[in-house]
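1. below are the sequence and a predicted model for it; my questions follow.
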Amino acid sequence: MTRLRADAEAAARALLGAVLWHRTGEGIAAGRIVETEAYLGNDPACHASRGMTARNAAMFGPAGRAYIYFIYGMYHCFNVVTGPQGVGEAVLIRALEPLEGEALMRRRRRTEDSRQLCNGPAKLVLALGISREQNGADLGRGDLRLFAPEGYPGWDSQHPPKVKAGPRIGISAATDWPLRFYVAGNPFVSKA
């Protein structure tokens, strides 16, 4: 998706409706992005705010790559790198609406409730079978991809849904910055 070459805030809005698709040996799982959070280069809540490290190196570009990190000693989170080469910016994907491979997602997440499959950043990583090995992956090719909203059935680009903005979730710095974006009324948006 070429439109990812924008600042993280614009990209976070633009990614709503896009489809995150992953093919593994178990099959294909995909979902429409319904909730995001932007993390800017000058943002104290951003992993890149203190400079490049081994953990956050993928965040410094190029745009259109995966940035996957480990949190709480047990979960991974998936981000889309958005800044130009050398600028650490990314968009955290917070929630997906399941579109393909729902039975596989149910097995991976051990739940029958469709709304619980991908309604949080760690949940969607588990449901799609994404792993740390895909950190830095080019999301335009290979087994982990992003597709434009129009590239997958069920999206009306002429009448896109209403988008709401608010503060990000689960951070301790810049908590009042309205950089969380979500599709209003979508039942798959996380509540946390």
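-> Nice, thanks for sending it over. Remember, it's a predicted structure, so these values are computed and weren't measured experimentally.

2. neighbouring strands for the lengthiest strand in the chain, and are they parallel or not?
-> Ranked by residue count, the top strand of the chain under DSSP state E comes out as strand 27-39. Here strand 27-39 is paired, per DSSP bridges, with strand 19-24 (antiparallel), strand 90-100 (antiparallel), strand 180-183 (antiparallel).

3. dump those strands to JSON lines, plus distance to Phe78 and mean neighbour count.
-> No exception for glycine: its C-beta is placed from N, CA and C like everyone else's. Formatted as JSON lines, the strands paired with strand 27-39 follow (distance: least, CB to CB, whole Å; neighbours: other CB atoms under 10 Å):
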{"stretch": "strand 19-24", "distance to Phe78": "8", "mean neighbour count": "21"}
{"stretch": "strand 90-100", "distance to Phe78": "5", "mean neighbour count": "25"}
{"stretch": "strand 180-183", "distance to Phe78": "16", "mean neighbour count": "23"}
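
4. before we move on, the earlier item: give the buried residues for the helix or strand that the longest strand of the chain is followed by.
-> Of the helices and strands lying after strand 27-39 in sequence (DSSP states H and E), the nearest is strand 66-71. Neighbour-count burial for strand 66-71 flags Ala66, Tyr67, Ile68, Tyr69 (criterion: 16 or more other CB atoms under 10 Å).

5. now what about the next helix or strand after strand 66-71, what contacts it?
-> Once the chain leaves strand 66-71, the next helix or strand it forms, by DSSP H and E, is strand 75-81. For strand 75-81, contacts defined as CB atoms under 8 Å, 6 or more residues apart in numbering pick out 4, 11, 15, 20, 39, 58-71, 89-93, 121-122, 124-126, 130-132, 139, 146.

6. mean confidence score for the longest strand of the chain?
-> Mean per-residue pLDDT for strand 27-39: 97.

7. now swap in stretch 96-110 and tell me
-> For stretch 96-110, mean pLDDT rounds to 97.

8. pLDDT weak spots in this structure?
-> 1-6, 151, 192 (pLDDT under 70).
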